[in-house]
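Participant: I would like the atomic coordinates for the input below:
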Amino acid sequence: MRAALAGAALVALYTALIAAADGITKLIAGSYAAPQFLAVSSALVLLFALCAARRQGSLRAALGVQSRGTMALRSLLTVLAAIGFFQAFRLLPFADVFLFIGLMPLIAAALSGVALDEPVRPAAWLALALGASGLLALVPEGRAGVDAGHVWALLGAVSGTASMVAARAIARRERKPLAQVFWPNLALALVMGVALPFVWQPMPLADWLWVAGYALFLFGARFVSVEALRLLPAYVATPLMNLQFVWMVGIGVFGFGEMPGVGASLGAALVIGSGLWLVADEALPARRRLRL
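Facilitator: As a prediction, the model looks like this:
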């Protein structure tokens, strides 16, 4: 139970950090091409990871992993997810991409049973369905038809979820959160760096500071998410990560005076409720085993 609650608290912290990073993205990323923004921010995340590793005394001990194949797979999936979601946000309204992000807990549940031998209990499936219905309620209107943006969004959702499942697989064998941040970001920096000479635009000091802030929040978010996935199954952690969108509703209310409608309020309540249900479902069996 303690591990489940600690994991839930870490996911809540993750949503705060990633929401701050998304805010900076909306402020500055539109001025630069994706390879420039992602390459620079990934390079800064690598720098932060290296500084943190040196504080632990040994780069090899902090960044070396035994699960090299799984780490390589996670790095590849991280790159695919970054490309997929960037293209999806470029081609689709936010609400459409939001639906695919909302599918990630269901994808995680399906993958966890196959890849991690973590079968999902019936109560957890019900909670996942409740959260999915909440996400649908948060979206004011749907869209008819499928286009290239939806394919990119599906690629981002599947590869992003698979990357989290790979992180969970590594974390169950060895506790190397810095390595799990470093190697995927190295892959992302190298891939985006190939296109960097063709899209580079000079950046004023203020933009460098914004990108550095984004990288710092992103580094913290990814470090925390790895620790959370060590404590919680991916299908439990991913619905809690949807709290990020509930926070966005709150930012709209307090920052911009945008009062949510009935559907948004109901959807937010269902997302929160389903996340708490999954945490309780994860914690209670452990308590029963302790009593036995």
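
Participant: Tell me how many other residues crowd Arg172.
Facilitator: 13 (other Cβ atoms under 10 Å). For every residue, glycine as well, the C-beta is placed using N, CA and C.

Participant: actually Ala162, not the one I typed
Facilitator: 23.

Participant: just the one 5 residues further on next, same as before
Facilitator: By the other Cβ under 10 Å criterion, the neighbourhood of Ala167 contains 27 residues.

Participant: element containing it, please.
Facilitator: Secondary-structure element containing Ala167, defined by DSSP states H and E: helix 148-173.

Participant: Residue ranges in the stretch 101-250 of the chain under the pLDDT threshold?
Facilitator: Applying pLDDT under 70 to the stretch 101-250 of the chain flags the ranges 102, 118-121, 123-125, 127-128, 131-146, 234-235, 238-240, 242, 244-250.

Participant: all helices for it, in order.
Facilitator: Secondary structure of the stretch 101-250 of the chain by DSSP state H, counting those that start in this stretch: the helices cover 104-115, 122-138, 148-173, 177-199, 205-231, 234-241, 243-256.

Participant: Just say which of those is most tucked in.
Facilitator: Most buried of the helices of the stretch 101-250 of the chain by mean neighbour count (mean count of other Cβ atoms under 10 Å) is helix 234-241; its value is a mean of 28.

Participant: I'd like to know which of the helices of the stretch 101-250 of the chain is closest to Gln36.
Facilitator: Ranking these by proximity to Gln36 (Cβ to Cβ) places helix 177-199 first, at 5.4 Å.

Participant: Let me know the angle separating the closest one from helix 205-231.
Facilitator: For helix 177-199 against helix 205-231, the angle by axes from the mean of the first three to the mean of the last three Cα atoms, to 10 degrees is 140 degrees.

Participant: What helices and strands are in contact with helix 177-199?
Facilitator: helix 34-55, helix 59-63, helix 68-91, helix 148-173, helix 205-231 (3 or more Cβ pairs under 8 Å, 6 or more residues apart in numbering; DSSP states H and E).

Participant: May I have the second one as CSV, with CA atoms only?
Facilitator: In CSV, the C-alpha atoms belonging to helix 59-63 read as follows (Å, rounded to 0.1, in the frame of the first residue of the first chain):
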residue,chain,number,x,y,z
LEU,A,59,29.0,8.0,-14.6
ARG,A,60,29.4,4.3,-15.4
ALA,A,61,27.5,3.3,-12.2
ALA,A,62,24.7,5.8,-12.8
LEU,A,63,24.3,5.5,-16.5
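
Participant: Quick check: Arg54 vs Ala189, distance?
Facilitator: 19 Å (Cβ to Cβ, to the nearest Å).

Participant: same question, Ala20
Facilitator: Ala20 is 21 Å from Ala189, by Cβ to Cβ.

Participant: now do Ser159
Facilitator: Counting by Cβ to Cβ - Ser159 and Ala189 are separated by 18 Å.

Participant: Report the contact partners of Gln163.
Facilitator: Not Gln; residue 163 is Ser. Arg74, Leu77, Thr78, Ala81, Pro184 (Cβ atoms under 8 Å, 6 or more residues apart in numbering).

Participant: List just the nearest of those residues to Leu231.
Facilitator: Arg74 (17.9 Å).

Participant: hang on, that closest one packs against Val181?
Facilitator: No: Arg74 is beyond contact range of Val181, at 10.8 Å (criterion: Cβ atoms under 8 Å).

Participant: With respect to Ala34, which of the helices of the stretch 101-250 of the chain lies nearest?
Facilitator: When those are compared by Cβ to Cβ, helix 177-199 sits nearest Ala34, at 7.5 Å.

Participant: ok, residues contacting the closest one?
Facilitator: 32-36, 38-39, 42-43, 45-46, 49-50, 52-53, 56, 62-65, 71-72, 74-76, 78-79, 82, 163, 167, 170-171, 219, 222-223, 226-227, 230.

Participant: Narrow those to those that are buried.
Facilitator: Listed as buried from those are 32-36, 38-39, 42-43, 45-46, 49, 52-53, 62-63, 65, 71, 74-76, 78-79, 82, 163, 167, 170-171, 219, 222-223, 226-227, 230; burial here means 16 or more other Cβ atoms under 10 Å.

Participant: Look up phi and psi at Ser58.
Facilitator: The phi/psi pair for Ser58 (degrees, to the nearest 10) reads phi -150, psi 120.

Participant: how about the helices of the stretch 101-250 of the chain, which one is nearest Ala16?
Facilitator: Going by Cβ to Cβ, the one of the helices of the stretch 101-250 of the chain nearest Ala16 is helix 243-256, 7.2 Å.
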